[in-house]
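Asks: coords below, sequence missing:
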């Protein structure tokens, strides 16, 4: 007998010794647990059978198809060759997956900052030279390929491309805590800002209570960094247009450097999710909004993290099973 075979037999003997050395109650508990898992698996497979007794699609197939479309930007026909699913089933699985992610993670990620979050923001931005600044505002255009022909005038920009606009507020750690998506691409940043619901809290007095001093004058309320196209509001700090003194050059350099946080966040979204980097293929604005919210709510919103997630899901049954269980709880309303 070879050394590897002897080693294997020794390990089996050790496992048997551990099994029969345990108490009778523990042994019966393990037996009952295994029987429950087998019964649950048997019932699940019976429920997935159709009228002819054939097995239906398992949840792992549907989630894999949705993740491949989001992370790789592949078409439905390409996913069909891998998951062996129909086009309508793939699209339905994609929308249900996005709805489940929105239900699970929106309250945790796409929300207003708490007092603890504000303390973390203010501590960091004060080190960067902008005390009491809580975010950066900017817009991102997502090209829309399969737009309705009757809407081409509203969604076309000056270059003739059809876009949908996302306006978001991002912090220094690329956390998007407020977003507004769905504005036609023919509008500019000022038109989008007038529809942006975030400043309603400022008008209603519900904005975070912070104070800061600039040039000996006290200001009440937070502010945001933006580029030159935005209006001159007290809550928006822009750069200096005409630089003359060394102080103005230094301020413009610091403001433009901190303002790149939101652009860096958009770059991470496009690098992590190929579906945003390419033109959108769906026909419905609500479906595109659901996809965009899914990407912003993902807990691993870092460069290349979501592509690795798909590889882990396809290779690791445990990672995929956690997604399946969460989706089932959302579907059952629990």
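Replies: Now that the structure is in, tell me what you want to look at. Computed from a prediction, not measured in an experiment: that's the story for all the values here. Residues are numbered from 1 along each chain as shown.

Asks: got the contact list for residue 126?
Replies: residue 132 (Cβ atoms under 8 Å, 6 or more residues apart in numbering). C-beta: built from backbone N, CA, C; applies to glycine.

Asks: so what secondary structure elements neighbour the longest helix out of those in the chain?
Replies: Identified as the longest helix of the chain according to DSSP state H is helix 246-272. With contacts taken as 3 or more Cβ pairs under 8 Å, 6 or more residues apart in numbering; DSSP states H and E, helix 246-272 sits against strand 133-143, strand 163-170, strand 223-225, helix 274-277, helix 285-297, helix 305-315.

Asks: gap between stretch 101-108 and the chain center?
Replies: 9 Å (Cα atoms, centre = their mean, to the nearest Å).

Asks: in that stretch, what's buried?
Replies: 101-105 (16 or more other Cβ atoms under 10 Å).

Asks: closest to residue 284 among these?
Replies: residue 102 (15.5 Å; Cβ to Cβ).

Asks: ok, now how distant is the closest one from residue 261?
Replies: 24 Å (Cβ to Cβ, to the nearest Å).

Asks: just residue 235 next, same as before
Replies: With Cβ to Cβ as the criterion, residue 235 and residue 261 are 17 Å apart.

Asks: one more: residue 85?
Replies: 39 Å.

Asks: what does residue 255 give?
Replies: 11 Å.

Asks: for this structure, what spans make up the strands?
Replies: 133-143, 163-170, 176-184, 211-214, 217-220, 223-225, 236-237 (DSSP state E).

Asks: what residues does the fourth one touch?
Replies: To tie it back to what came earlier, the one meant is strand 211-214. 131-132, 218-221.

Asks: rerun that using 10 Å as the cut-off
Replies: 122, 126, 130-133, 218-223, 237 (Cβ atoms under 10 Å, 6 or more residues apart in numbering).

Asks: before we move on, what about the fifth one?
Replies: Strand 217-220 is contacted by residues 132, 207, 209-213, 234-235 when judged by Cβ under 10 Å, 6+ apart.

Asks: try it again at 8 Å.
Replies: 132, 209-213, 234.

Asks: now, which of those sits nearest residue 276?
Replies: Nearest to residue 276 among the contacts of strand 217-220, with distances taken as Cβ to Cβ, is residue 132, at 31.7 Å.

Asks: would you turn the buried residues of stretch 101-108 into CSV with pLDDT?
Replies: Below are those laid out as CSV (pLDDT from 0 to 100):
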residue, pLDDT
101, 82
102, 84
103, 83
104, 80
105, 82
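
Asks: including distance to residue 266, could these go into TSV?
Replies: What follows is the buried residues of stretch 101-108, written out as TSV (distance: Cβ to Cβ, whole Å):
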residue	distance to residue 266
101	19
102	20
103	25
104	23
105	19
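
Asks: ok so, going back, in a markdown table: the strands of the chain, plus mean neighbour count.
Replies: Below are those laid out as a markdown table (neighbours: other Cβ atoms under 10 Å):
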| stretch | mean neighbour count |
| --- | --- |
| strand 133-143 | 22 |
| strand 163-170 | 23 |
| strand 176-184 | 19 |
| strand 211-214 | 12 |
| strand 217-220 | 10 |
| strand 223-225 | 22 |
| strand 236-237 | 18 |
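
Asks: nearest to residue 114, out of these?
Replies: Per Cβ to Cβ, nearest to residue 114 of the strands of the chain: strand 176-184, 10.0 Å.

Asks: can you name every helix or strand that the closest one contacts?
Replies: Checking 3+ Cβ pairs under 8 Å, 6+ apart, strand 176-184 ends up next to strand 163-170, helix 189-195, helix 285-297.

Asks: looking at the buried residues of stretch 101-108, which are in helices?
Replies: Short answer: the buried residues of stretch 101-108 in helices (DSSP H) are 101-105.

Asks: pull the number of nearby residues for residue 260.
Replies: 14 (other Cβ atoms under 10 Å).

Asks: that should have said residue 87, apologies.
Replies: 12.

Asks: same question for the one 10 residues further on.
Replies: The local packing of residue 97 (other Cβ under 10 Å) involves 24 other residues.

Asks: report the contact partners of the closest residue to it other than its chain neighbours.
Replies: If you skip the residues right next to it in sequence, residue 97 has residue 66 as its closest partner in space, 3.9 Å away by Cβ to Cβ, 6 or more residues apart in numbering. The contact partners of residue 66, by Cβ under 8 Å, 6+ apart, come to 90, 93-94, 97-98.

Asks: out of those, who's the most crowded?
Replies: Going by other Cβ under 10 Å, residue 94 tops the contacts of residue 66 with 26 neighbours.
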